[in-house]
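1. here is a sequence together with a model predicted from it:
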Amino acid sequence: MTADGDGADRVRGVGDRRGSPDGTAHPALQTFAADLRALLAASGIPSLRALARRAHYSHTAVAAAAGGRTLPSLEVTLAFVGACGGDRLVWSGRWHAVRARLDEVTFDPADAAPPWPVQPVEDGADPEQAGCSADAVTVHACKVARHDARMMVGQLELRYSPRKHAAWGRFQGFPHLDHLAGEQEVRLVVGVARERDGRRQEYELGYAFDWHYGDLLRTGRGPVHAFVRVLADGVEIAAGATEPRTLS
């Protein structure tokens, strides 16, 4: 299935932001981002684009780090800090402290309704719209590497909702892919396959520097596995698949 059927990408899987339940960023995250912005201002680097070049990350990645809506990866944080002349050891400690604060946030995902109409749980449905995310667990995960180099581009997961009896694929890119996306058009094909009847669901979308997920398949009909293809300027540079799992 391609994005929305009208050519426009839906950014899937970006809901796990670990912010406050009301959707605003956690105060610890806001402070962290504000201090990153202050560090940038004190460094004399004229812009986020100039910082991105020095840090060897995409403009999108460093802008998100300074924005304060989500916690950047530790790698992006340390690249940001190092480019600004900050103390990487101190900021590593701060990053782990903020992560611990965000992990303390308690919220029942079942209380959050998706912004789209509810779909029945059937092959090809959106897991979020079908209400599968509330109890979702990862039953297998694998790293995905480039075809042409010993370079990991991300992690693929087979997600499963025991309550809804559904499974789907989910992928998150690593910093190498973030950097590549600043230079080339990166697209993903995220999917899931049911081995007994050969049914496959594929979902193509643009890379969004976050979690990306595909459509679901019903379980209880034999083993299923998740798969992903990573394309840069239309050429496949990486692909991977999880181990098959038999789920109820």
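-> Ah, there it is.
2. would you list every one of the strands in the chain?
-> 137-145, 152-161, 166-173, 186-194, 199-206, 211-213, 217-218, 223-232, 235-241, 245-246 (DSSP state E).
3. hey, where'd the helices end up in the protein?
-> Here the chain has its helices, by DSSP state H, at 27-43, 48-55, 59-67, 74-83, 88-103, 175-181.
4. can you redo those helices as JSON lines with mean neighbour count, mean pLDDT and distance to residue 191?
-> Any C-beta I mention is one placed from the backbone N, CA and C, and that applies to glycine too. Converted to JSON lines, these look like this (neighbours: other C-beta atoms under 10 Å; pLDDT from 0 to 100; distance: least, C-beta to C-beta, whole Å):
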{"stretch": "helix 27-43", "mean neighbour count": "16", "mean pLDDT": "94", "distance to residue 191": "32"}
{"stretch": "helix 48-55", "mean neighbour count": "18", "mean pLDDT": "93", "distance to residue 191": "31"}
{"stretch": "helix 59-67", "mean neighbour count": "20", "mean pLDDT": "90", "distance to residue 191": "25"}
{"stretch": "helix 74-83", "mean neighbour count": "20", "mean pLDDT": "95", "distance to residue 191": "27"}
{"stretch": "helix 88-103", "mean neighbour count": "14", "mean pLDDT": "90", "distance to residue 191": "30"}
{"stretch": "helix 175-181", "mean neighbour count": "21", "mean pLDDT": "91", "distance to residue 191": "18"}
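5. in CSV, list those helices along with distance to residue 244.
-> Below are the helices of the chain laid out as CSV (distance: least, C-beta to C-beta, whole Å):
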stretch, distance to residue 244
helix 27-43, 38
helix 48-55, 39
helix 59-67, 34
helix 74-83, 31
helix 88-103, 31
helix 175-181, 25
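6. which one of the strands of the chain is the most hemmed in?
-> The highest mean neighbour count among the strands of the chain, using mean count of other C-beta atoms under 10 Å, belongs to strand 166-173: a mean of 27.
7. that one relative to strand 137-145, how many degrees between them?
-> 40 degrees (axes from the mean of the first three to the mean of the last three C-alpha atoms, to 10 degrees).
8. list the strands paired with strand 166-173, with their directions.
-> Strand 166-173 sits in its sheet next to strand 152-161 (antiparallel), strand 211-213 (antiparallel), strand 217-218 (antiparallel), going by DSSP bridges.
9. residue 126: which of those is closest?
-> strand 211-213 (8.6 Å; C-beta to C-beta).
10. what about that closest one, distance to the chain center?
-> Centroid separation for strand 211-213 versus its chain: 5 Å, with C-alpha atoms, centre = their mean, to the nearest Å.
11. show me what contacts the closest residue to residue 61 other than its chain neighbours?
-> Leaving out its chain neighbours, the residue that sits closest to residue 61 by C-beta to C-beta, 6 or more residues apart in numbering is residue 178, at 4.6 Å. Listed by C-beta atoms under 8 Å, 6 or more residues apart in numbering, the contact set of residue 178 reads 57, 58, 60, 61, 76, 209.
12. of these, which is the nearest to residue 28?
-> Out of the contacts of residue 178, the member with the shortest distance to residue 28 (by C-beta to C-beta) is residue 76, at 17.3 Å.
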